[in-house]
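**Q** Sequence plus predicted model, see below.
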Amino acid sequence: MNILVTGGSGQLGRAIKDVAENSEHRFIYTYMSSQNHDGMVHLDISGPEEVNKVMDDHNIDVIVNCAGYTDVERAESEEDKAFKANAEAVEILAGAAKARGAVLIHISTDYIFDGSSSRPYREDAEASPLSVYGRSKLAGELAVRASGARYMIIRTSWLYSRYGKNFVKTILKKSEEQPLLKVVSDQVGTPTYAGDLAEFILTLLEPENLEKTGTYNYTDEGVCSWYDLACEVCDMSGNLCEVVPCETGEYPVKAARPHYSVLNKSKVKKTFGIEIPYWKDSLRHCMSEIATSLRSSQ
Ligand SMILES: NC(=O)c1ccc[n+]([C@@H]2O[C@H](COP(=O)([O-])OP(=O)(O)OC[C@H]3O[C@@H](n4cnc5c(N)ncnc54)[C@H](OP(=O)(O)O)[C@@H]3O)[C@@H](O)[C@H]2O)c1
């Protein structure tokens with residue numbers, strides 16, 4: 001099969017590239033503005049002509065849409081841009097998939113929920129996003145469902161990897177430079193290693209799994225706060241930095257975030273018969289990858 005991975009220059013796209021290296025399928029990765037895009041095809045997913053051309057040039061069977069506007073803070077002042085990439089462009093991809101009988105695997109987020117639940121969110125829980133980013137991602141989900149394309153929407157949370165910008169890398173760097181870090185302890189969710197999600201996406205490409213269309217939650221196992229995650233990063237790295245818990249209100253941010261956004265994974269485990277790694281095990285693995293890549297770049 002020919003698989004189009006949009007957002008190939010992002011952290012999830014790069015993680016897919018790593019795990020798909022020996023796959024029997026042919027992967028076409030796309031970038032939009034990144035400087036570092038070795039061998040990838042340029043694609044702005046908000047341009048219908050560009051999308052249709054890439055679909056036809058490469059005879060695409062499956063789109064894995066990892067592209068998106070992911071800056072939660074900046075989205076508050078760039079609503080148009082967020083909706084263009086996360087909703088309008090997703091409608092274009094879904095239309096292109098539908099027209100060719102291709103499957104669209106689309107990545108969504110825990111930030112479509114408002115966090116008022118005290119139990120992990122199931123796929124059918126009511127969405128009520130608090131931020132522009134969350135609303136734009138929800139609009140993207142609705143566009144996929146309305147398109148008539150064969151689709152899988154995969155909701156994930158708190159992605160990190162050795163690539164790009166993410167919380168784990170930020171804490172790692174700050175804890176080397178500063179003696180004390182204040183981190184919010186009243187937002188609870190699940191960190192997800194992009195490599196684990198990438199492995200799961202490859203599982204979805206098996207023919208019997210591509211039939212299992214619908215919406216699924218996929219995050220790593222377990223629950224923690226951003227504060228817990230920062231403590232773990234410092235412990236695992238050996239950085240001697242004191243991490244102090246604080247409340248969301250102590251930080252001047254524009255975008256409201258859910259206080260609780262843990263996703264229930266019963267459906268995905270039952271449907272695909274998968275086991276999901278515990279977040280601390282995956283974090284340890286990723287930290288050693290980051291250390292290796294830092295050593296090799298020195
Ligand atoms: N990061 C998280 O914590 C998190 C949590 C839950 C869900 N998600 C979802 O997971 C997916 C992947 O996230 P990520 O962290 O891998 O994102 P990322 O590292 O920020 O990468 C975003 C990618 O989207 C591309 N892109 C942006 N606008 C585009 C457009 N108009 N046309 C084509 N490509 C465009 C970027 O290309 P260039 O860089 O080349 O411009 C980049 O490759 C997204 O859908 C995100 O909403 C992320």
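**A** Okay, I see it. Owing to the predicted nature of the structure, the values given are computational and were not obtained by experimental measurement.

**Q** From now on I want contacts and neighbour counts done on CA atoms only, so please keep to that.
**A** Will do.

**Q** Okay, now the unreliable bits of this protein?
**A** Within the chain, no stretch has pLDDT under 70.

**Q** hey, where'd the helices end up in it?
**A** Secondary structure of the chain (DSSP state H): helices at 11-19, 48-57, 72-75, 79-83, 89-100, 132-146, 167-177, 194-204, 207-210, 226-237, 266-272, 279-297.

**Q** of all these, which lies closest to the ligand?
**A** Closest approach to the ligand among these (Cα to the nearest ligand atom): helix 11-19, 3.8 Å.

**Q** Tell me who's in contact with the residue located most distally from the centre of the chain.
**A** Within the chain, the residue lying farthest from the chain centre (Cα atoms, centre = their mean) is residue 179, at 30.6 Å. By Cα atoms under 8 Å, 6 or more residues apart in numbering, the contact set of residue 179 is 240, 241, 242.

**Q** and these, which of them are in strands?
**A** Judged by DSSP state E, the subset of the contacts of residue 179 located in strands is residue 242.

**Q** Buried ones among the contacts of residue 179?
**A** Neighbour counting by 16 or more other Cα atoms under 10 Å classes residue 241 among these as buried.

**Q** Up against the ligand, what does the stretch 1-150 of the chain have?
**A** 7-13, 31-34, 43-46, 66-70, 85, 107-109 (Cα under 6 Å from any ligand atom).

**Q** Now, those residues that are in strands?
**A** Checking these against DSSP E, those in strands are 31, 107, 108, 109.

**Q** Not counting sequence-adjacent ones, nearest residue to the third one?
**A** Of all residues not flanking residue 108 in the chain, residue 155 sits nearest, at 4.4 Å (Cα to Cα, 6 or more residues apart in numbering).

**Q** Contact partners for the one you found?
**A** Contacts of residue 155 (Cα under 8 Å, 6+ apart): 107, 108, 109, 110, 215, 216, 217, 218, 219.

**Q** what about the first one, how many neighbours?
**A** By the criterion of other Cα atoms under 10 Å, residue 107 has 23 neighbours.

**Q** what's the neighbour count on the nearest residue to it once chain neighbours are set aside?
**A** Nearest residue to residue 107 in three dimensions, chain neighbours excluded: residue 154, at 4.9 Å (Cα to Cα, 6+ apart). If you count neighbours by other Cα under 10 Å, residue 154 ends up with 21.
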